[in-house]
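J.: got a structure for you, letters missing:
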């Protein structure tokens, strides 16, 4: 049995150390597979010999038996709250330092009173307090104020024996079984050089949930709800998720929840000094906690004077939104433990510490209306119009509801009292609805059937959450995006028509639809800001040049949902000409069934194309573009076998004399060829221009035929190279 005990102890030590390096230091020293192998060994050993299971066994992290309830735990050292500085500006740090100095000065005066005075202080101030009053800078430790759940962890002879919530500060709840499942919390303290492990050590810290883990948890909860699990719920924020997880009566559920921990202080410690660690400052406490194996925030800093506290407050504020966890402020603590004793407490709050908070990121307000916004891509987004409320230092009047499914899931209605959350530049969102305060006549939200901007049909494709306006070329809300896409290099390739110019053209009313671009004059363009005569003429020339295009480019430029470059090429190859797709009348347009015959076009894409050409305003825009002179050579319809380069693969490299790379690619693909990016044995030809590089060398090495531009044009004309 001694050998088995030694084996179990060795496995526990290996596993606990590996977990500490992985979860606390983020520096694993063994592979996951090795950790799993060691854990299976320990599980098997404990299963055969239950008497070998120890309180620090890593096998306890998977959860134990279901609890009947949580037993009360009396804190031997009360878990007192910290006073909050109401001034969220830098002045809050200055206030705290001045309050500390004022108190020490008042105590010094009291010690100078006559002994028979009733206010006489029994003991004079210590050397550190006198040094501060003499002008020595105050030393502090500044830490983030975590938005989680305060915990007390009790270790006896280095082993975790009890974990308790803060409760009312005097009495908390025993949540030991659940806390054992938190991987960052050591089950046994690390041995540290020159730092003895106390017989009893109570560690105070914060249990929290990372933002990414919170999002993943809610995603899992939504999936459970969709599957009909009525016990699943969506958590409002990471703090609620952490609290709900640690208070699970079934530790197996707690073990599945991704909880984390930061240590920041001590409760009871025996022996406090003699024979134990000699800690003289709060900063030393943090270093000791690290040495014993606890995660301590790397944001914590020693600071000297209010100026450094102010700098800390500002630097953490700048990083607040990018942190992986929620904080609602920072905490300042007088560093010297002796000075903390001098300062003492007032109304059960320490005079030596203060919480300097940031403006709140959550507030209560009322939903005044639910409007529909139409985005640049046609997406319809329900937006709650709110009674103005200050959140995170900014007045919030709107909160996104994302889509109809999300709005219905949250069940937000006009008149509801709601909690709004805003973090940095993140769009405000409603995280909680107080349904018990809802007006009785409040109607359930539903998405409109027609676009509120242009009146076009609104559709939601199967399998998607978003509703979209079908009036892409007609809807004014989508006008700028449609024009930028139309002018892009792989579409109509209108050089010089960028975002700022499109903004001017649309905002001034000079362009309302795509055909209006081709009606622009040099004089009208030259009158715009930062547009001279020459640049105006250049744009007009680019517009004229773009009229000569290809059918794939034109189809892609129309911005039909789900129709990218590849799909546009397949449509052009299959149908050969626009009338075969669009039809002379809506009823004559290609049907969904016909469109599904095109390679790589499924039901969703086919329905999107069919719907686009059924809309009268889309057809009108296309007809006007053709009337403006947009044109292209039609190709023979489908049948890849009829195309001269069907089945051939070509690679372009170098600079051709008269054609751009895109123009050459368009011509080759229109003839049925596949244009690849790399050379292989399957390459039919390589077209090489000036300064051709490694692709030409590889073609020569593989014996692939090499053509110049003239040879490529001859190939396109059906002549053997």
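T.: Thanks, I have it. Note that this is a predicted model, so its numbers are computed, not measured. Numbers count the residues shown, from 1 in each chain.
J.: for the residue positioned nearest the centre of the chain, what are its contacts?
T.: For the chain, residue 212 is the residue whose C-alpha lies nearest the centre (C-alpha atoms, centre = their mean; 7.1 Å). Counting by C-beta atoms under 8 Å, 6 or more residues apart in numbering, residue 212 touches residue 324. All C-beta spots, glycine's among them, are computed from the backbone N, C-alpha and C.
J.: mind checking the SS state of it?
T.: Here residue 212 is helix, with the state taken from DSSP: H, G, I helix; E, B strand; the rest coil.
J.: what helices or strands is the biggest helix by length in the chain leaning on?
T.: Determined from DSSP state H, the single longest helix within the chain is helix 91-111. With contacts taken as 3 or more C-beta pairs under 8 Å, 6 or more residues apart in numbering; DSSP states H and E, helix 91-111 sits against strand 84-85, helix 127-133, helix 305-319, strand 327-334, helix 337-343, strand 353-357.
J.: from the chain's centre, how far out does the longest one sit?
T.: Looking back up the chat, that one is helix 305-319. 25 Å (C-alpha atoms, centre = their mean, to the nearest Å).
J.: Tell me which helix or strand comes right after the lowest-mean-pLDDT helix or strand in the chain.
T.: Sorting the helices and strands of the chain by mean pLDDT, DSSP states H and E puts helix 32-48 at the bottom, at a mean of 77. Next helix or strand after helix 32-48 toward the C-terminus (DSSP states H and E): strand 72-74.
J.: if we can go back for a sec, turn the helices and strands packed on helix 91-111 into JSON lines, columns for mean pLDDT.
T.: Below are the helices and strands packed on helix 91-111 laid out as JSON lines (pLDDT from 0 to 100):
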{"stretch": "strand 84-85", "mean pLDDT": "80"}
{"stretch": "helix 127-133", "mean pLDDT": "82"}
{"stretch": "helix 305-319", "mean pLDDT": "93"}
{"stretch": "strand 327-334", "mean pLDDT": "93"}
{"stretch": "helix 337-343", "mean pLDDT": "91"}
{"stretch": "strand 353-357", "mean pLDDT": "91"}
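J.: Do a quick rundown of the helices in the stretch 601-721 of the chain.
T.: Taking DSSP state H, counting those that start in this stretch, the helices of the stretch 601-721 of the chain run over residues 603-614, 616-627, 661-670, 694-702, 709-716.
J.: among those, which gets the worst mean confidence?
T.: Mean pLDDT values for the helices of the stretch 601-721 of the chain show the minimum at helix 661-670, a mean of 85.
J.: helices or strands up against it?
T.: Using 3+ C-beta pairs under 8 Å, 6+ apart, helix 661-670 is in contact with helix 551-557, strand 649-653, strand 674-676, helix 709-716.
J.: Let's have these in a markdown table, adding mean neighbour count.
T.: Shown next, in a markdown table, are the helices and strands packed on helix 661-670 (neighbours: other C-beta atoms under 10 Å):
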| stretch | mean neighbour count |
| --- | --- |
| helix 551-557 | 24 |
| strand 649-653 | 22 |
| strand 674-676 | 17 |
| helix 709-716 | 18 |
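J.: Let me know which of those is the nearest to residue 627.
T.: helix 551-557 (13.9 Å; C-beta to C-beta).
J.: So what's the residue count around the closest residue to residue 603 other than its chain neighbours?
T.: Spatial nearest neighbour of residue 603, excluding adjacent residues (C-beta to C-beta, 6 or more residues apart in numbering): residue 596 at 6.4 Å. By the criterion of other C-beta atoms under 10 Å, residue 596 has 15 neighbours.
J.: now do residue 213
T.: The burial count for residue 213: 19, using other C-beta under 10 Å.
J.: any idea how far it is from residue 245?
T.: 10 Å (C-beta to C-beta, to the nearest Å).
J.: same check, this time on residue 505
T.: 54 Å.
J.: cool, residue 531 as well?
T.: 60 Å.
J.: of these two, who's got more company?
T.: Counted by other C-beta under 10 Å, residue 531 and residue 245 do not tie: residue 245 has more neighbours, with 23 against 18.
J.: these two touch, right, that one and residue 259?
T.: Yes. With contacts counted by C-beta atoms under 8 Å, residue 245 reaches residue 259, the gap being 5.8 Å.
J.: Which neighbours do those two have in common?
T.: Common neighbours of residue 245 and residue 259 (C-beta under 8 Å, 6+ apart) are residue 209.
J.: okay, the nearest residue to residue 406 once chain neighbours are set aside: pLDDT?
T.: Excluding the flanking residues, the one nearest residue 406 by C-beta to C-beta, 6+ apart is residue 465, at 7.4 Å. Residue 465 carries a pLDDT value of 82.
J.: so what's residue 465 up against?
T.: Residue 465 sits next to 402, 403, 404, 405, 406 when contact means C-beta under 8 Å, 6+ apart.
J.: residues in contact with the third one?
T.: Residues counted as contacts of residue 404 (C-beta under 8 Å, 6+ apart) are 382, 445, 446, 447, 460, 465, 467.
J.: 6 Å instead, please
T.: residue 447 (C-beta atoms under 6 Å, 6 or more residues apart in numbering).
J.: And it, how far from residue 218?
T.: In this view, residue 404 and residue 218 are 19 Å apart by C-beta to C-beta.
J.: Low-confidence bits of the stretch 501-650 of the chain, can you list those?
T.: In the predicted model, the stretch 501-650 of the chain carries pLDDT under 70 at residues 635-643.
J.: Include distance to residue 171 when you put the helices and strands packed on helix 661-670 into a markdown table, please.
T.: Shown next, in a markdown table, are the helices and strands packed on helix 661-670 (distance: least, C-beta to C-beta, whole Å):
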| stretch | distance to residue 171 |
| --- | --- |
| helix 551-557 | 69 |
| strand 649-653 | 76 |
| strand 674-676 | 73 |
| helix 709-716 | 85 |
